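Visitor: predicted model follows, preceded by the sequence.
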Amino acid sequence: MNTQPIPVVLVAGYLGSGKTTLVNHLLIHARDHRIGVVVNDFGRINIDALAVAGQVDAMLPMGNGCLCCAVDSAGLGRMLERLTEPELGIDAIVIEASGLAEPRDLVRMLLAGDNPRIAYGGLVEVMDAVEFEANRLRHPELDEHLRFADLVVLNKADQRDDDDLRELVRKVSGGRPVVRASFGAIDPGLLFDPGRPEPVARQLSFDDLRHADGHHHTHLHEAYRSVEFSTDTPLHPRRLLAFLTERPAGLYRMKGPVHFGVPGHDDRFLLQTVGPYLRFHRSPWGDETPGTRLVLIGTGLDADDLRARLAACVEPDPAARTDRAILPVLKHCG
Ligand SMILES: Nc1nc2c(ncn2[C@@H]2O[C@H](COP(=O)(O)OP(=O)(O)OP(=O)(O)O)[C@@H](O)[C@H]2O)c(=O)[nH]1
């Protein structure tokens with residue numbers, strides 16, 4: 001039996017940077033490891049947990065809030081206990097933090113835990129190469145997150161990949177290792193192989209930890225809220241597209257399956273918006289009951305107004321949901 005402590009790797013990064021995509025890549029490509037996953041969703045509907053559930057040996061969702069807020073550090077401890085039960089035979093644990101979590105506090109929580117079966121295995125910060133500068137402007141504190149990383153993944157290299165950006169990220173992160181990736185496709189060996197560099201947590205200064213002690217600093221997620229919208233009645237594609245085109249500036253992130261119920265296109269359209277980015281990922285519903293389940297995350301959101309505007313996209317009359325109506329959605333399918 002393996003008596004080595006199980007490494008716990010944290011995957012963090014701002015909203016929509018590609019954490020779930022990266023975790024899924026790891027799960028698919030690290031087949032010689034049994035991986036347990038804890039998924040921390042910011043919204044009440046666990047969209048990210050659903051997205052990794054099919055790939056993983058053991059997964060525990062931790063929804064509705066930010067893990068870093070230690071409302072539930074005991075809860076995290078219990079999850080890690082469950083994932084480290086010897087009969088599960090887990091070799092490594094990945095925690096996908098919500099896009100608004102504070103990595104410093106997460107690292108600290110892991111280091112403070114007293115479970116002898118785990119060892120902190122490092123922090124991976126996923127950065128959105130396309131939105132890098134815009135996100136820094138919006139949240140200067142993201143620079144600090146980079147400095148806690150063991151590995152910075154500069155994701156979305158298929159969209160943007162330039163030396164200047166890589167150099168800037170390296171500088172801002174204080175010289176942390178930076179790898180480029182498209183769709184989170186990093187070598188799992190960077191995280192799970194023995195003999196990689198020491199975890200950065202060892203380098204945290206006393207001041208860093210003390211600062212993290214009393215929650216005196218503000219957390220990114222304090223300014224954010226999430227709004228959920230669910231319905232089993234199909235949405236009218238053009239009306240939803242109109243809503244998406246005029247979405248409020250503060251609404252940075254939307255995700256979740258959409259049900260249009262258009263004959264010939266009665267698929268699951270997974271909506272993803274990240275800042276100005278908008279995509280639907282189309283797949284069959286499989287065993288899932290068709291329905292729209294959206295999480296909207298942003299600042300200054302008027303929840304009632306957003307829900308009312310989405311409710312106005314509902315179209316119960318199948319005759320109104322025509323082939324032509326779905327065309328604008330198909331243009332955004334990836
Ligand atoms: N073009 C491109 N799109 C990507 C890449 N990585 C992820 N995406 C897309 O970006 C969107 C957000 O990806 P996720 O993996 O859900 O991001 P996340 O960081 O888990 O999001 P939150 O948990 O909400 O913060 C999805 O539509 C992904 O398909 C990439 O390298 N290139």
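Guide: Yes, it's here.
Visitor: L10: what's it in contact with?
Guide: Neighbouring residues of L10 by Cβ atoms under 8 Å, 6 or more residues apart in numbering: V94, I95, A97, P103, L106, V107, L110, G122, L123, V124. For glycine as for every other residue, the C-beta is placed from the backbone atoms N, C-alpha and C.
Visitor: what of F269?
Guide: P257, V258, H259, F260, F280, H281, R282, V329, C333.
Visitor: that one should be in a helix, yeah?
Guide: No: F269 is assigned strand when assessed by DSSP: H, G, I helix; E, B strand; the rest coil, not a helix.
Visitor: tally of neighbours for the residue in the stretch 201-334 of the chain positioned nearest to the ligand?
Guide: Distances between the stretch 201-334 of the chain and the ligand by Cβ to the nearest ligand atom are smallest at Q272, namely 3.2 Å. Q272 is flanked by 19 other residues according to other Cβ atoms under 10 Å.
Visitor: how close does it sit to G256?
Guide: Shown here: Q272 relative to G256, a distance of 9 Å by Cβ to Cβ, to the nearest Å.
Visitor: again with V274
Guide: V274 sits 13 Å away from G256, taking Cβ to Cβ as the criterion.
Visitor: next one: G250
Guide: 18 Å.
Visitor: settle it for me: which of these two has more neighbours?
Guide: Neighbour totals were compared for G250 and G256, and G256 leads with 21 against 15 (other Cβ under 10 Å).
Visitor: find the nearest non-adjacent residue to P116, please.
Guide: Sequence neighbours aside, P5 is the residue nearest to P116 in space, at 6.8 Å (criterion: Cβ to Cβ, 6 or more residues apart in numbering).
Visitor: just to revisit the earlier point, which of the contacts of L10 sits closest to I297?
Guide: A97 (13.9 Å; Cβ to Cβ).
Visitor: what is the burial count for the closest one?
Guide: For A97, the count of nearby residues is 27 (other Cβ under 10 Å).
Visitor: in contact with the closest residue to it other than its chain neighbours: list those residues for me.
Guide: Nearest residue to A97 in three dimensions, chain neighbours excluded: A12, at 4.3 Å (Cβ to Cβ, 6+ apart). For A12, the contacting residues are K19, A97, A101, P103, L106, L123, V124, E125, V126, H145, by Cβ under 8 Å, 6+ apart.
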